[in-house]
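Enquirer: sequence and predicted structure are below.
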Amino acid sequence: MKHRLILLLCLSCFFLMTRAQERDENIVTIIDDLTIQWDNSAEKLRTYEGLMDYCRTKAYRDNTILLLKQIHHYDSALYRIVQSKFQTSEDPEAKATLDDISTLETDYTTGAFLMFLRQECTSLNDNERNKTMDDYKKVSKELEKEMKKYVEAITKQIDVVDEHIHHLKGL
């Protein structure tokens, strides 16, 4: 039994190492796919209805959070790859890529995103409880405007990083 467990652990480690190497080799494709997924998710999330869905539907909220975590994970991996491959290079595209990834990883963290959305959900729930009040539509528009601004800023940064990787040689 003990030997089987050790064998299973060894096989699992081998499988994970193989998958990690495949991911490094396909990082451009992975980031492209994640960018497309985010762009699609952002279209919905920037609306009042999308915010409501995020606030009230656990599956949608969990999928959005997971997607953002995956984006940050692979952007961090990309940062390490670009940094190691271009450490001695004076390639301005590599420097711009590193700067833009750094901006994404510091200004738009998953924690900051969750805190912002928690505040937005609180405001949305307050607004929905007071649906009969005169300023319901006004508050709805304000929330949608805030969401649109925040989601567009994140989307812009994700798209900029995605653009950079297509201009870097040797990834």
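Expert: Sure, I can see it.
Enquirer: who does the longest helix seen in the chain touch, helix- and strand-wise?
Expert: Ranked by residue count, the top helix of the chain under DSSP state H comes out as helix 136-165. Using 3 or more C-beta pairs under 8 Å, 6 or more residues apart in numbering; DSSP states H and E as the contact test, the elements touching helix 136-165 are helix 27-45, helix 48-56, helix 58-85, helix 92-107, helix 110-129. Using the backbone N, CA and C atoms, a C-beta is placed for each residue, glycine as well.
Enquirer: again, only using 6 Å
Expert: The contact analysis (3 or more C-beta pairs under 6 Å, 6 or more residues apart in numbering; DSSP states H and E) places helix 136-165 against helix 27-45, helix 48-56, helix 92-107, helix 110-129.
Enquirer: other residues contacting stretch 81-91?
Expert: By C-beta atoms under 6 Å, 6 or more residues apart in numbering, the surrounding residues in contact with stretch 81-91 are Ala94, Thr97, Leu98.
Enquirer: how many residues are close by the second one?
Expert: By the other C-beta atoms under 10 Å criterion, the neighbourhood of Thr97 contains 24 residues.
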